[in-house]
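>>> model this:
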Amino acid sequence: QVQLVESGGGLVQPGGSLRLSCAASGFTFSSYWMYWVRQTPGKGLEWVSAIHGDGNKTYYTDSVKGRFTISRDNAKNTLYLHMNSLKSEDTAVYYCARGGWPFFVDYWGQGTQVTVSS
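Sure thing, here's the model as predicted:
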């Protein structure tokens with residue numbers, strides 16, 4: 001069965017960095033677009049970033065461009081989100097998701113909390 005397991009969240013000060021990971025199993029990882037989606041109580045769901053199966057096409061929402069980098073290692077079936085220059089407004093639960101383009105998702109991970117606070 002499809003499994004997506006996120007890790008790497010935590011508490012970080014403004015301006016700091018974190019790397020989220022998502023370990024995928026149960027499907028051919030390289031055949032799918034993969035997404036990072038975040039959720040906050042006030043803003044709801046936000047599509048943060050996406051990456052094509054071969055890693056050559058990416059998407060970023062405007063608020064994270066230049067600060068976040070999505071990547072994948074198809075040999076390890078793992079998705080990453082490198083987050084730099086973190087801001088308080090980046091505080092959210094971050095979900096890894098599998099799907100297609102544009103913005104179609106059929107499986108979600110359990111989420112990992114990222115809190116940016118001094």
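
>>> against residue 79, how distant is the most centrally placed residue in the chain?
Residue closest to the average C-alpha location in the chain (Cα atoms, centre = their mean): residue 36, at 2.7 Å. For residue 36, the distance to residue 79 (Cβ to Cβ, to the nearest Å) stands at 8 Å. All C-beta spots, glycine's among them, are computed from the backbone N, C-alpha and C.

>>> so what's the residue nearest to the centre of the chain up against?
Listed by Cβ atoms under 8 Å, 6 or more residues apart in numbering, the contact set of residue 36 reads 20, 22, 48-50, 70, 79, 81, 94-97.

>>> mind running it again at 10 Å?
For residue 36, the contacting residues are 6, 20, 22, 46-51, 60-61, 64, 68, 70, 79-81, 83, 94-97, 109, by Cβ atoms under 10 Å, 6 or more residues apart in numbering.

>>> check residue 97 too.
Taking Cβ under 10 Å, 6+ apart, one finds 4, 6, 22, 32-37, 47, 50, 79, 103-109 in contact with residue 97.

>>> which strand residues bridge it?
On the basis of DSSP bridges, residue 97 takes part in beta bridges with residue 35, residue 108.

>>> buried residues in stretch 61-68, which are they?
Neighbour counts over stretch 61-68 (16 or more other Cβ atoms under 10 Å) mark 64, 68 as buried.

>>> what average pLDDT does it get?
Across stretch 61-68, pLDDT averages out at 97.

>>> and for that stretch, what's in contact with it?
Outside stretch 61-68, the residues that touch it by Cβ under 10 Å, 6+ apart are 17-18, 20, 36-38, 46-50, 59-60, 70, 81-87, 89-90.

>>> if we go to 8 Å?
46-49, 60, 81-86, 89-90.

>>> same question for stretch 37-45.
Here stretch 37-45 has contacts from 46-48, 90-95, 97, 105, 108, 111, 114, using Cβ under 8 Å, 6+ apart.

>>> helix or strand for the closest residue in space to residue 69 that isn't next to it in sequence, which one?
Nearest non-adjacent residue to residue 69, counting by Cβ to Cβ, 6 or more residues apart in numbering: residue 82, 4.4 Å away. Element membership of residue 82 [criterion: DSSP states H and E] is strand 78-83.
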